[in-house]
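Novice: for reference, the sequence and a predicted model appear below.
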There are 2 protein chains.
Amino acid sequence: MPQNDAQGLSEFDAATAVRRSEGGGFVADLHPGWDVGSGILNGGYLLAVAARAALADSPHPHPVAVSASYLRATPPGPASLAVTPGPAGRTLAHTGVVLSGPAGPTLSVQVTTAALGDDAPLRSVPVPDVPPVESCLQAGPGAEMGGHPVPAVGLRHRVETRLDPATAGWALGTPSGEPVMRAWLRLADGREPDPLTLLLFADVLPPTSWSMGLMGWAPTVQLQVLVRARPAPGWCLAEARANEIAGGWLDEEYRIWDSSGRLVAQSRQLARAPR
Amino acid sequence: MPQNDAQGLSEFDAATAVRRSEGGGFVADLHPGWDVGSGILNGGYLLAVAARAALADSPHPHPVAVSASYLRATPPGPASLAVTPGPAGRTLAHTGVVLSGPAGPTLSVQVTTAALGDDAPLRSVPVPDVPPVESCLQAGPGAEMGGHPVPAVGLRHRVETRLDPATAGWALGTPSGEPVMRAWLRLADGREPDPLTLLLFADVLPPTSWSMGLMGWAPTVQLQVLVRARPAPGWCLAEARANEIAGGWLDEEYRIWDSSGRLVAQSRQLARAPR
């Protein structure tokens, strides 16, 4: 059942809300509960906040392409968003958003907005074969990994994450050696997925390098997310994959399908590889 | 043999050169010869110009991640580049670049610079099996497609493009139905590839939707390129693939390997699908 706050907003909607600032632009209160450990906010959560600022003045309702440079770690708390409108046409509009914390700019984002339709795809990617949700492994809270409790990561309380056992060896102390993870995802507050949620889901899994036994954090440097369709209600399935890990860098590619089996989002990021 | 201009620059280096402007920022002369038809400049060519402006004041020598929003078509001729430096550290630096033509901003780019090393990859993607260059199909100039001469596309004079026959059915009037293209690539002026050249190569092939018989132009909306290693001398091999074509949009993913078989670049773009 959706858990709503006093304004009737879901937890996700409340935590990603932006409001107009008197001096122009927008402000947000970045919620500490959407962290990946050590108080570091999740990169996908921040994208959803930035996209809300871009959508506020766009003639179009959905983010379809979002590219972000992660300039510095963004702390929880008050943030401002400076919005630079670009060309806006009948089909799409471009907007630049710079998110700043108390110490200055932390995230520079380019958002393309448009209206996602219901057209059946001419061509798509079939959903991979993954066991049903109830046969998958719950990743925190309450889960154990390799006999140890999962570290306190706020994000895992906000996004229910059920790992495909075939790609969850790292959680049991036996990494598969293949930098691939698949997981069923949904918001813990019961809110159904939409294009903004997909921005969150596009960076929500642990680094796939964990499947190679490299268990550190992999900070995102640049991330691009494409939203391809409005997701149907229910669980989404994400598959993340690193292609090349070399010289201290790795890429991370996501494909996300909705409960109807349609490809609804793709992302790619460059990250620093864990040492 | 490299063809150099009066300053000893290769054709590519001369066409992507930037110089400091008296009022700050940089200026460039965008060369009409790097077009994809109808005077429209190639998106990868423009990325290389923008990356040069970002590199000019960066402490690091290579573009490793470049994300661009294509705001409007960029005409050949004089252009200015406004550069916004971001945080610069020991490992990487961020820079924003806005390229403007006579009618205003046309391209907004985020560039991450760093030093690409020579480390052997921990993990990589093997090069696909493609016939040798001499068994592949020359795309323009002088080539025919389906019995008709190739339309005048300047880019094909600048980049030697040899199509894998298995993915070149569209050029012979029998599209394969699979939105995949593979091709050997090198600069026609004889200049060896480097990270800047890879930005050009990451958007150099015709739309893969041509393999589905959709023969129109597919304008790029957003493009992200990751450069993963310095390429070895010789031909590069590019593989481009569309995953989803729906609702008037398509994505286009590139992987590029160098002559030693190493994955050296990846790109993904969202484009408007040809009608």
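Specialist: Structure's in. What do you need? Numbers count the residues shown, from 1 in each chain, chains lettered A, B, ... in the order given.

Novice: does residue A:193 touch residue A:200 like I think?
Specialist: No: using Cβ atoms under 8 Å, residue A:193 is not in contact with residue A:200, being 9.2 Å away. In short, each C-beta sits where N, CA and C put it, glycine included.

Novice: who has more neighbours out of those two?
Specialist: Set side by side, residue A:193 and residue A:200 show more neighbours around residue A:200, with 28 against 25, by other Cβ atoms under 10 Å in any protein chain shown.

Novice: contacts only, for that one.
Specialist: The contact partners of residue A:200, taken as Cβ atoms under 8 Å, 6 or more residues apart in numbering or on different chains, are A:12, A:42, A:44-45, A:47-48, A:159.

Novice: looking at those, which one is closest to chain B?
Specialist: residue A:47 (12.6 Å; Cβ to the nearest Cβ).

Novice: let's verify that closest one: helix, strand, or coil?
Specialist: helix (DSSP: H, G, I helix; E, B strand; the rest coil).

Novice: so who does it touch?
Specialist: Here residue A:47 is in contact with A:66, A:68, A:109, A:199-200, A:202-203, A:223, A:225 (Cβ under 8 Å, 6+ apart).

Novice: who wins on neighbours among these?
Specialist: Neighbour max across the contacts of residue A:47 (other Cβ under 10 Å) = residue A:225, 33 neighbours.

Novice: quick check: that residue is in a strand.
Specialist: Yes: under three-state DSSP, residue A:225 sits within a strand.

Novice: let me know the pLDDT of it.
Specialist: On pLDDT, residue A:225 comes in at 98.

Novice: now the residue nearest in space to the middle of chain A. Nearest residue, chain neighbours left out?
Specialist: With distances taken as Cα atoms, centre = their mean, the residue of chain A nearest its centroid is residue A:200 (2.3 Å). Nearest residue to residue A:200, sequence neighbours excluded (Cβ to Cβ, 6 or more residues apart in numbering or on different chains): residue A:44, at 4.2 Å.

Novice: tell me, how many residues neighbour the one you found?
Specialist: By other Cβ under 10 Å, the residues close to residue A:44 number 28.

Novice: again with residue A:76
Specialist: 17.

Novice: the nearest residue to it once chain neighbours are set aside: how many residues sit nearby?
Specialist: Leaving aside its sequence neighbours, residue A:76 sits nearest to residue A:32 (Cβ to Cβ, 6+ apart; 3.7 Å). Counted with other Cβ under 10 Å, the neighbours of residue A:32 add up to 13.

Novice: wait, what's in contact with residue A:32?
Specialist: Residue A:32 neighbours (Cβ under 8 Å, 6+ apart): A:39, A:41, A:76-77, A:154.

Novice: quick one, which of these are buried?
Specialist: Among those, those classed as buried by 16 or more other Cβ atoms under 10 Å in any protein chain shown are A:41, A:76, A:154.

Novice: from those residues, which single one is nearest residue A:217?
Specialist: residue A:41 (12.7 Å; Cβ to Cβ).

Novice: list the contacts for the closest one?
Specialist: A:30, A:32, A:34-35, A:73-76.

Novice: next: residue A:105.
Specialist: Applying Cβ under 8 Å, 6+ apart, the residues near residue A:105 are A:71-72, A:98-99, B:86.

Novice: how much space separates it from residue B:87?
Specialist: Counting by Cβ to Cβ, to the nearest Å, the gap between residue A:105 and residue B:87 amounts to 8 Å.

Novice: any shared contact partners between the two?
Specialist: The overlap between the contact sets of residue A:105 and residue B:87 (Cβ under 8 Å, 6+ apart) consists of A:71-72.

Novice: give me the buried subset of the contacts of residue A:41.
Specialist: Counted by 16+ other Cβ under 10 Å, the contacts of residue A:41 give A:30, A:34-35, A:74-76 as buried.

Novice: quick check: strands, which of the contacts of residue A:41 are part of them?
Specialist: residue A:30 (DSSP state E).

Novice: in a markdown table, list the buried ones among the contacts of residue A:32 along with pLDDT.
Specialist: Shown next, in a markdown table, are those (pLDDT from 0 to 100):
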| residue | pLDDT |
| --- | --- |
| A:41 | 95 |
| A:76 | 96 |
| A:154 | 85 |
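
Novice: which of these sits closest to residue A:271?
Specialist: Using Cβ to Cβ, the buried ones among the contacts of residue A:32 come closest to residue A:271 at residue A:41, 15.3 Å.

Novice: could you measure from the closest one over to chain B?
Specialist: 17 Å (Cβ to the nearest Cβ, to the nearest Å).

Novice: beta partners of that residue?
Specialist: Beta-bridge partners recorded for residue A:41 (DSSP bridges): residue A:35.

Novice: which residues in the stretch 151-275 of chain A form helices?
Specialist: Secondary structure of the stretch 151-275 of chain A (DSSP state H, counting those that start in this stretch): helices at A:155-158, A:195-201.

Novice: just say which of the ones you listed is most tucked in.
Specialist: Mean neighbour count (mean count of other Cβ atoms under 10 Å in any protein chain shown) peaks for helix A:195-201 among those, with a mean of 27.

Novice: residues contacting residue A:65?
Specialist: Contacts for residue A:65 (Cβ under 8 Å, 6+ apart) come out as A:110-112, A:224-227, B:69, B:221-222, B:270.

Novice: make it 6 Å
Specialist: A:112, A:226, B:221-222, B:270 (Cβ atoms under 6 Å, 6 or more residues apart in numbering or on different chains).

Novice: tally of neighbours for residue A:90?
Specialist: Residue A:90 - counted by other Cβ under 10 Å - has 8 other residues nearby.

Novice: and it, which of the three is it?
Specialist: coil.

Novice: report the separation between it and chain B.
Specialist: Using Cβ to the nearest Cβ, one obtains 12 Å as the distance from residue A:90 to chain B.

Novice: for that residue, grab phi and psi.
Specialist: phi -70, psi -30 (degrees, to the nearest 10).

Novice: can I assume residue A:94 sits in a strand?
Specialist: Yes: assignment of residue A:94 by three-state DSSP places it within a strand.

Novice: stretch A:262-274 near chain B anywhere?
Specialist: Yes: contact of stretch A:262-274 with chain B (Cβ under 6 Å from any Cβ of the partner chain) involves A:263, A:268, A:270.

Novice: ok, and what's touching that stretch?
Specialist: A:124-125, A:198, A:202, A:209, A:214, A:216, A:218-229, A:231, A:245, A:248-258, B:65, B:226, B:244, B:268.

Novice: and if you look at stretch A:182-189?
Specialist: With Cβ under 6 Å, 6+ apart as the criterion, stretch A:182-189 contacts A:2-3, A:10-12, A:130, A:133, A:136, A:158-164, A:167, A:201, A:205, A:235-239.

Novice: make a PyMOL selection of the buried ones in those.
Specialist: This is the PyMOL syntax for the buried subset of the contacts of stretch A:182-189, where burial follows 16+ other Cβ under 10 Å:
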select buried, chain A and resi 10+11+12+130+133+136+158+159+160+161+162+163+164+167+201+205+235+236+237+238+239
